[in-house]
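Enquirer: Show me the folded form of this:
(one chain, ligands or ions: 1)
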Amino acid sequence: KRVAILISGGGSNMVRLAEDMIDDHPARPVLVLSNVPDAGGLAKARALGIPTEVVNHRDFKGDREGFEKALISTIDPYEPDVLALAGFMRILTSEFVGHYAGRMLNIHPSLLPKYKGLHTHTRAIDAGDTEAGCSVHEVTAELDGGPILGQARVPVVAGDTEDSLSARVLVQEHGLYPAVLRRFVSGDRSPVLLP
Ligand code: GRF
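Expert: Model prediction:
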């Protein structure tokens, strides 16, 4: 199976996904694409020998449809079977989602359906939650909606800040996403629930 990974930043999730797709793993990374030209993850992808592309959303000011058409025309020549959004920070329309229906995943740093959208860790802390975590889900037109394919839980401890909680969750993301992708490319949709 051929996996394209979309990033916007440091790409730590992308690195863990790529590092897991070796040996008898049924999938290989065929592309890392960023909407941010100088995203740190692009250098990491190149160091891993993965082809990279940039489609800069700033080149399509206000033209979401044009941006997504450029994404598709850049991605599809790599013939991916699966798209993995990993720290990709652009909202995608139902047209784009429909083009990759049933084969696009995303990781979100909350225990969905709680805290869709941004600032998830601050919201969990402010709500006095005693646990937080991350979710991998199939991408549908509804932002951070779609069937849950995996979740990992962490405790929220007294004195936690957004930084301390996000660091604790990120460690779990790095274990969860590769585990979910392995099942997904094998056709197994049973949820990965950690710990
Ligand atoms: C992570 O918190 C992830 O949950 C969110 O983007 C953040 C950065 O991820 N989707 P990465 O280091 O760029 O993979």
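Enquirer: Off-centre distance for stretch 128-143?
Expert: Centre-to-centre, stretch 128-143 and its host chain are 11 Å apart (Cα atoms, centre = their mean, to the nearest Å).
Enquirer: in it, what counts as buried?
Expert: By 16 or more other Cβ atoms under 10 Å, the buried positions in stretch 128-143 come out as D129, A132, G133, C134, S135, V136, H137, E138, V139, T140. Just so you know, the C-beta spots here come from the backbone N, C-alpha and C atoms, and that holds for glycine as well.
Enquirer: Phi and psi next, for the second one.
Expert: With angles defined as degrees, to the nearest 10, A132 sits at phi -140, psi -170.
Enquirer: Who are the contact partners of it?
Expert: A132 makes contact with S110, L111, T120, H121, A124, R153, V154, P155, V156, L165, R168, V169, according to Cβ atoms under 8 Å, 6 or more residues apart in numbering.
Enquirer: please redo it, this time with the cut-off set to 7 Å
Expert: Contacts for A132 (Cβ atoms under 7 Å, 6 or more residues apart in numbering) come out as S110, L111, H121, A124, V154, V156, L165, V169.
Enquirer: Need the pLDDT of the second one.
Expert: In other words, L111. Turning to L111, the model gives it a pLDDT of 98.
Enquirer: so what's it closest to, chain neighbours aside?
Expert: G133 (4.7 Å; Cβ to Cβ, 6 or more residues apart in numbering).
Enquirer: Look up phi and psi at that neighbour.
Expert: With angles defined as degrees, to the nearest 10, G133 sits at phi 160, psi -160.
Enquirer: Report the beta-bridge partners for it.
Expert: Beta-bridge partners for G133, by DSSP bridges, are R153.
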